[in-house]
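Chemist: need the 3D shape of this:
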Amino acid sequence: MKTKTITKTAILVLAVMSFACGGGESTADKVATDKTPVEVEAAKPTPAVIDEPIVEEEQVEEVIEEAGVALSGEAKIGNSDCLSCHLVERKVIGPSFKEIAAEYKPTDENITKLANKVIKGGTGVWGETAMPPHPTLNEEDAKDMVKYILSLYE
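Modeler: Residues are numbered from 1 along each chain as shown. Below you'll find the predicted structure:
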C-alpha cells in the first residue's frame, strides 16, 4: 500500500507540474501564431522644394514700382514722428504743412535746405519753439518728405 500511495502521489505531482508549465506549449509559439502579417507600402517620393518662386521680369518691375509708391513722401511722414508736431491743415506745435508750402517754392535749393533742417533741427524761423533733429533720417527720405509738403501749396 505504501508503494501505491507513493506512486499516486508522484503521478499527481508530475501532472500538477506539467499543467503549471503550460502543458508543453511555449509562450513564444503562442505569440508567433497570433500575429498576422502586415502589408508595408513603398514610400512615396517627396516633392522638390523651390526656394524662390519663378517670376517673370514684368512682374518684378511692377512690384518695384508698387513699393516705390508705397514709400512716398506722405507715407514716410506717416511712419515718422512728424505728425506729433505738424498737421496738414493747422498749426500744432510747429507750422502746418500748408503754411510751410506757402512759404517755400518747390525748388531744388529749398528742398535741400529744408531736408537738412529736418535732419539737423532748427529754431527761430517759425517762432521760439525748436524743431528737434532727426539724425537717423537719411537725406533722400527727408527730401521725399519735403517734396510732399511743398506739393501741398494751393
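Chemist: pLDDT at residue 33, what is it?
Modeler: In the prediction, the pLDDT value recorded for residue 33 is 54.
Chemist: and residue 87, by the same measure?
Modeler: At residue 87, pLDDT is 93.
Chemist: contacting residues around it?
Modeler: Residue 87 makes contact with 96-97, according to Cβ atoms under 8 Å, 6 or more residues apart in numbering. The C-beta positions use only the backbone N, C-alpha and C, and glycine is treated the same way.
Chemist: hey, where'd the strands end up in the protein?
Modeler: Secondary structure of the chain (DSSP state E): no strands present.
Chemist: how about low-confidence regions in it?
Modeler: Applying pLDDT under 70 to the chain picks out residues 1-2, 12-13, 16-38, 40, 43-44, 46-71.
Chemist: my read: residue 142 touches residue 119, true?
Modeler: Yes. Using Cβ atoms under 8 Å, residue 142 is in contact with residue 119, at 5.4 Å.
Chemist: what touches both of these two?
Modeler: Common neighbours of residue 142 and residue 119 (criterion: Cβ under 8 Å, 6+ apart): residue 134.
Chemist: mind checking how far residue 100 is from residue 5?
Modeler: Separation of residue 100 from residue 5 (Cβ to Cβ, to the nearest Å) stands at 126 Å.
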